[in-house]
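1. Below are the sequence and a predicted model for it; my questions follow.
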Amino acid sequence: MRAITVPTPGGPDALVLSDVDEPTPGPFEVIIDVAAAGVNRADVAQREGKYPSPDGAPAWPGLEVSGTVVEIGASVAAWKVGDYVVALLPGGGYADRVAVDEGLVLPKPRRVDLVEAAGLPEAVATVWSNLFMSAGLEAGETLLVHGGTSGVGTIAIQLATALGVTVYATAGTPEKVAMTEQLGATRGINYRDEDFVDVIAQATGGRGVDVVLDMIGGDYLARDVNALATGGRIMVIAAQGGNEATINVGRLMQKRGRIWGTTLRARPLEERRAIIAQVREHVWPLVEAGKVRPLLDTVETLDFTHRAHQRMESGEHIGKILLAVR
């Protein structure tokens with residue numbers, strides 16, 4: 001089968017369309033004929049040699065797919081051949097087929113077409129596990145989302161809004177700011193022209209926000225603390241702005257705040273299964289009802305994966321970038 005491999009780490013041109021062996025299912029795995037794969041920042045880091053697949057996963061990138069079940073392992077009970085599904089992966093999604101544990105698979109939502117559905121699993125699992133399972137975000141609370149027009153950001157705004165949370169979101173252009181508000185944010189913040197700490201203070205009467213979803217890291221972290229309400233939680237899911245940060249520990253203590261850094265793909269299988277089970281119970285009904293949807297920016301074919309990565313690195317995209325495999 002075809003897969004996008006990275007023989008030598010580097011820029012987008014390091015992505016090579018290759019022939020690899022087709023996967024075979026383990027006892028609790030299904031084989032998915034891939035219709036589309038999501039493109040994520042983690043894939044860029046993997047291409048650069050900074051974020052390899054965990055042990056046991058294919059060496060090539062791809063953390064989420066949509067497609068059709070074409071084979072099941074001997075002990076699989078939840079799925080059958082012919083099911084239209086989406087799946088969260090530890091790697092290997094940039095390919096014609098992929099093997100995945102049955103507990104990481106979800107049914108394709110009725111309101112979402114098969115290609116479009118590939119934009120859901122990684123973002124939804126990241127948002128649900130961080131904001132609701134870990135941070136305990138509840139209706140009536142306030143949330144600040146950095147990168148509000150990213151794949152994760154667009155889902156976070158929609159999901160939190162649908163569950164009764166007041167959302168603020170940062171973005172880098174007037175167009176992107178407007179999109180955050182169209183998706184449900186009470187106030188979009190142009191980080192190039194505005195200080196989000198000041199805007200949050202004004203918008204909340206000096207109280208601050210209960211939760212921050214931060215995919216920037218770096219010098220944003222100190223400012224997150226300043227924007228935090230008493231008892232607030234900062235969830236750090238990426239470090240696009242750098243790995244080093246200096247914060248005012250005294251201020252964090254005064255606010256009784258918490259900073260929690262997480263990743264998703266490296267979690268034990270049972271944790272990832274638990275996340276997907278909660279997503280199916282709590283989030284999938286909202287997707288089925290049309291209250292949460294993937295926002296698509298670009299769909300490239302597998303042959304043009306390098307263009308998808310160039311688009312991701314440009315920072316100009318709004319929503320998800322996908323690879324159409326079939």
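-> Ah, there it is.

2. a strand runs through residue 212, doesn't it?
-> Yes. Assessed with DSSP: H, G, I helix; E, B strand; the rest coil, residue 212 lies in a strand.

3. Who does it form a beta bridge with?
-> Under the criterion DSSP bridges, residue 212 forms beta bridges with residue 144, residue 234.

4. That one touches residue 141, doesn't it?
-> No. At 11.7 Å, residue 212 does not count as touching residue 141 under the criterion of Cβ atoms under 8 Å. Glycine gets a C-beta too; all of them are placed from N, C-alpha and C.

5. Counting neighbours, go ahead and name the busier of those two.
-> Set residue 212 next to residue 141 and count neighbours by other Cβ atoms under 10 Å: residue 212 wins out with 30 against 21.

6. mind listing what that one touches?
-> 143-144, 146, 224, 227-228, 232-235 (Cβ atoms under 8 Å, 6 or more residues apart in numbering).

7. got it, and residue 105?
-> 30, 32, 69, 78-79, 85-87, 276.

8. Low-confidence ranges, the stretch 101-250 of the chain, go.
-> Counting by pLDDT under 70, the stretch 101-250 of the chain contains no low-confidence range.

9. where along it do the strands fall?
-> Using DSSP state E, counting those that start in this stretch, the strands found in the stretch 101-250 of the chain span residues 105-107, 142-145, 166-171, 187-190, 209-214, 228-236.

10. my guess is residue 185 contacts residue 169, does it?
-> Yes. Between residue 185 and residue 169 a contact is recorded at 4.3 Å, counting by Cβ under 8 Å.

11. ok so, going back, from the contacts of residue 105, which one has the minimum pLDDT?
-> For those, the model is least confident at residue 78; its pLDDT is 94.

12. So which residues make contact with the longest helix along the chain?
-> In the chain, taking DSSP state H as the definition, the longest helix is helix 151-162. Residues from elsewhere that reach helix 151-162 (Cβ under 8 Å, 6+ apart): 38, 40, 119-120, 122-124, 126-128, 131, 137, 143, 145-148, 167, 169, 171, 179-180, 183-185, 213, 215, 237, 283, 286, 291-295, 318-321.

13. which residues sit in contact with the most centrally placed residue in the chain?
-> Most central in the chain under Cα atoms, centre = their mean is residue 123, positioned 2.7 Å from the mean C-alpha point. Taking Cβ under 8 Å, 6+ apart, we find residue 123 in contact with 38, 151-152, 154-155, 294, 320.

14. now, the most widely separated pair of these?
-> The largest distance within the contacts of residue 123, taken as Cβ to Cβ, falls between 38 and 154 and amounts to 12.6 Å.

15. residues shared between the contacts of those two?
-> Joint contacts of residue 38 and residue 154 (Cβ under 8 Å, 6+ apart) are 123, 320.

16. quick one, helices of the protein?
-> 41-47, 121-127, 151-162, 174-182, 196-203, 220-227, 249-254, 269-278, 284-288, 305-314.

17. other SSEs contacting the last one?
-> In terms of contacts (3 or more Cβ pairs under 8 Å, 6 or more residues apart in numbering; DSSP states H and E), helix 305-314 is packed against strand 29-39, helix 41-47, strand 296-301, strand 320-324.

18. winner for burial among these?
-> strand 29-39 (a mean of 26; mean count of other Cβ atoms under 10 Å).

19. To residue 313, which of the strands of the stretch 101-250 of the chain lies closest?
-> Nearest of the strands of the stretch 101-250 of the chain (Cβ to Cβ): strand 166-171, 17.2 Å.

20. ok, residue 168 to residue 188 distance?
-> Using Cβ to Cβ, to the nearest Å, residue 168 is found at 8 Å from residue 188.

21. I'd assumed residue 132 was in contact with residue 282.
-> Yes. Using Cβ under 8 Å, residue 282 is in contact with residue 132, at 7.4 Å.

22. Can I get stretch 185-205 in PDB, CA atoms only?
-> Output in PDB follows, covering the C-alpha atoms of stretch 185-205 (Å, rounded to 0.1, in the frame of the first residue of the first chain):
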ATOM      1  CA  ALA A 185     -16.700  33.100  21.200                       C
ATOM      2  CA  THR A 186     -18.000  36.100  23.200                       C
ATOM      3  CA  ARG A 187     -14.900  38.100  22.200                       C
ATOM      4  CA  GLY A 188     -12.200  37.400  19.700                       C
ATOM      5  CA  ILE A 189      -8.800  39.000  20.600                       C
ATOM      6  CA  ASN A 190      -6.300  40.000  17.900                       C
ATOM      7  CA  TYR A 191      -3.000  39.200  19.600                       C
ATOM      8  CA  ARG A 192      -1.100  41.300  17.200                       C
ATOM      9  CA  ASP A 193      -2.900  44.500  18.200                       C
ATOM     10  CA  GLU A 194      -4.300  43.700  21.700                       C
ATOM     11  CA  ASP A 195      -3.000  42.400  25.000                       C
ATOM     12  CA  PHE A 196      -5.200  39.500  25.900                       C
ATOM     13  CA  VAL A 197      -4.500  40.000  29.600                       C
ATOM     14  CA  ASP A 198      -6.000  43.500  29.400                       C
ATOM     15  CA  VAL A 199      -8.900  42.400  27.300                       C
ATOM     16  CA  ILE A 200      -9.700  39.600  29.600                       C
ATOM     17  CA  ALA A 201      -9.500  41.900  32.600                       C
ATOM     18  CA  GLN A 202     -11.900  44.300  31.000                       C
ATOM     19  CA  ALA A 203     -14.300  41.700  29.800                       C
ATOM     20  CA  THR A 204     -14.500  39.900  33.200                       C
ATOM     21  CA  GLY A 205     -14.500  42.900  35.400                       C
END
